[in-house]
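J.: next input, structure requested:
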Amino acid sequence: MSSDPFHRLLELWQAARAACREDADRVALATADARGRPSVRYVLLREHTETGLVFFTNYGSRKSVELEANPHAALALHWWETGVQLRVEGPVRRAAPELSDAYFAKRARGSQIGAWASEQSRPLPSPELLSDRTKALESKFEGQPVPRPEGWGGYELTPDLIELWFNRDNRLHEREQFTRTGGQWVRVPLQP
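T.: Numbering: from 1, shown residues only. Alright, predicted model coming up:
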């Protein structure tokens with residue numbers, strides 16, 4: 001394992017992807033609004049850069065509105081199969097448009113159409129509205145690639161705190177917390 005906590009995190013994520021029966025990319029994302037009121041939901045962690053973890057969403061969604069007002073977030077991942085839990089905190093910024101374009105191009109066509117059809121987190125007056133939008137967009141993009149909507153893309157969380165948690169017998173779990181200070185990671189072992 002790497003001695004760099006971010007690279008260790010990536011190694012543990014890859015191991016979970018190989019070991020887990022369920023989606024190893026599922027992550028709890030906690031944000032807070034401008035008043036500091038928290039909210040949490042699950043998203044899919046789909047990419048990483050050299051410095052951060054990337055998830056994708058509609059820029060009009062509640063999570064995006066909160067991230068634009070308060071650009072800090074926390075992530076939590078847990079995999080029963082590997083006995084590992086990760087906690088990550090740090091500042092968040094919009095991912096590079098090229099990264100969002102590349103990921104969007106890899107999505108299933110139905111998910112691409114869905115990104116255009118859904119005004120995520122907005123009230124839905126009727127189920128038919130979403131169905132009608134989807135049909136209209138399928139016709140509009142028939143026979144051509146679906147471009148990424150301007151209001152959809154990624155956010156990159158750059159960790160300034162990483163906690164690695166390893167399951168051990170008798171609830172004497174191994175925990176290590178790393179905090180980035182002045183460009184360097186400081187390791188502190190934590191009691192379970």
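
J.: centre of the chain to stretch 160-176, how far?
T.: 21 Å (C-alpha atoms, centre = their mean, to the nearest Å).

J.: check which helices and strands the strand or helix carrying Thr57 sits against.
T.: Element membership for Thr57 (DSSP states H and E) is strand 53-58. For strand 53-58, the elements it packs on are strand 38-48, helix 62-69, helix 97-106, strand 152-157, judged by 3 or more C-beta pairs under 8 Å, 6 or more residues apart in numbering; DSSP states H and E. Any C-beta I mention is one placed from the backbone N, CA and C, and that applies to glycine too.

J.: mind checking which of those is nearest Pro123?
T.: Of all those, it is helix 62-69 that lies closest to Pro123, at 12.0 Å by C-beta to C-beta.

J.: sort out which residues of that closest one are buried, please.
T.: Residues of helix 62-69 classed as buried: Arg62, Lys63, Ser64, Glu66, Leu67 (neighbour count, 16 or more other C-beta atoms under 10 Å).

J.: what are the phi and psi values at the closest residue to the last one other than its chain neighbours?
T.: Nearest in space to Leu67, with sequence neighbours left out and distances taken as C-beta to C-beta, 6 or more residues apart in numbering, is Val92 at 5.3 Å. Backbone dihedrals for Val92, given as degrees, to the nearest 10, come out at phi -130, psi 140.

J.: before we move on, what about Gly182?
T.: phi 60, psi 40.

J.: pull the contacting residues for Tyr155.
T.: Val54, Phe55, Phe56, Thr57, Ser64, Leu67, Ala73, Val92, Arg93, Arg94, Ala95 (C-beta atoms under 8 Å, 6 or more residues apart in numbering).

J.: oops, could you answer that again for Leu161 instead?
T.: Counting by C-beta under 8 Å, 6+ apart, Leu161 has contacts Arg87, Val88, Glu89, Gly90, Gln177, Phe178, Thr179, Arg180.

J.: any figure for the gap between it and Leu86?
T.: 11 Å (C-beta to C-beta, to the nearest Å).

J.: what of Phe55?
T.: Applying C-beta to C-beta to Phe55 and Leu86 gives a distance of 14 Å.
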